[in-house]
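Undergrad: here you go, sequence then predicted model.
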Amino acid sequence: NAGVTQTPKFRILKIGQSMTLQCTQDMNHNYMYWYRQDPGMGLKLIYYSVGAGITDKGEVPNGYNVSRSTTEDFPLRLELAAPSQTSVYFCASSPLVLAYEQYFGPGTRLTVT
Amino acid sequence: GQQLNQSPQSMFIQEGEDVSMNCTSSSIFNTWLWYKQDPGEGPVLLIALYKAGELTSNGRLTAQFGITRKDSFLNISASIPSDVGIYFCAGSPYSGAGSYQLTFGKGTKLSVIP
């Protein structure tokens, strides 16, 4: 199993541009999450999904959108990128039972200039 | 939202020394977890705790769920260079199906001097 994979690894965006961060998991997990991590800070939840077709906002959803059409994929969309969205983004997934046991991807480092 | 206070923020220790770090919450948590993050990687789950007073070990790592349900502790014995990284506590006030809603601390950065 590859676990949770994320693409791209790095990206530089100009202010106002849009992009989609890709996340795929091959563990058949029900739950998927997007977090952002700023320097010296813990992880902040952006959006999460409890299953295909179901998504909900986390602590810091503004400026982002998500969709979940399949169990495996959970892309994160940034519209009109702003410097405040410069961060490292982590996707994670967890099973229905033991839902706290979140498996993280390697992250996407995004810079908006 | 809920906040977790994790201490210390950073620590430098000699190889072979024991390490202690802790995490406190302003509210009661029903699940406590400890993750480790290596540079350039995502966090990896080390230990999960479900009951107040619970003491759980994973190799040289031992974590405890505080009796008040508002704190947790992580100890690392006989540290080695590969213990370097950032250790995060995380908790959830929920149990069962709702326990996926985690709050993370800001992390303790551990450096090991050979």
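TA: On my side now, so go ahead.

Undergrad: strand partners (parallel or antiparallel) of the helix or strand in which B:Gln6 is found?
TA: Assigning secondary structure by DSSP states H and E places B:Gln6 in strand B:4-7. The pairing partners recorded for strand B:4-7 under DSSP bridges are strand B:19-25 (antiparallel).

Undergrad: which residues are in contact with the partner strand?
TA: Strand B:19-25 has contacts (CB atoms under 8 Å, 6 or more residues apart in numbering or on different chains) with B:2-8, B:11, B:13, B:32, B:70-76, B:79, B:83, B:87, B:89, B:91, B:103, B:105, B:108, B:110. Just so you know, the C-beta spots here come from the backbone N, C-alpha and C atoms, and that holds for glycine as well.

Undergrad: same check, this time on stretch A:94-106
TA: A:3-6, A:9, A:23, A:25, A:27, A:29-31, A:33, A:90-93, B:31, B:33, B:40-45, B:48, B:90, B:92, B:97-100, B:102.

Undergrad: re the thing from before, the contacts of strand B:19-25, buried ones only, as a ChimeraX selection?
TA: The following ChimeraX line selects those of the contacts of strand B:19-25 that are buried, judged by 16 or more other CB atoms under 10 Å in any protein chain shown:
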select /B:4,6,11,32,70,71,72,73,74,75,76,79,83,87,89,91,103,105,108,110
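
Undergrad: show me which residues of chain A are close to chain B?
TA: Remark: the part of chain A in contact with chain B comprises A:4, A:31, A:33, A:40-45, A:48, A:50, A:59, A:90, A:92, A:94, A:96, A:98-107, using CB under 8 Å from any CB of the partner chain.

Undergrad: buried only: go through those residues for me.
TA: Burial by neighbour count, 16+ other CB under 10 Å: within those this picks out A:4, A:31, A:33, A:42-45, A:48, A:50, A:90, A:92, A:94, A:99-107.

Undergrad: looking at chain B, which residue is nearest chain A?
TA: Sorted by distance to chain A under CB to the nearest CB, the residues of chain B start with B:Gly42, at 3.1 Å.

Undergrad: pLDDT wise, what is the nearest residue to that residue once chain neighbours are set aside at?
TA: Closest residue to B:Gly42 apart from its sequence neighbours, by CB to CB, 6 or more residues apart in numbering or on different chains: A:Phe104 at 3.1 Å. Reading off the confidence values, A:Phe104 has pLDDT 95.

Undergrad: if we can go back for a sec, so which of the contacts of stretch A:94-106 sit within strands?
TA: Within these, residues falling in strands by DSSP state E are A:4-6, A:23, A:25, A:31, A:33, A:90-93, B:31, B:33, B:44-45, B:48, B:90, B:92.

Undergrad: do you know the pLDDT at B:Ala97?
TA: pLDDT, read off for B:Ala97, is 56.
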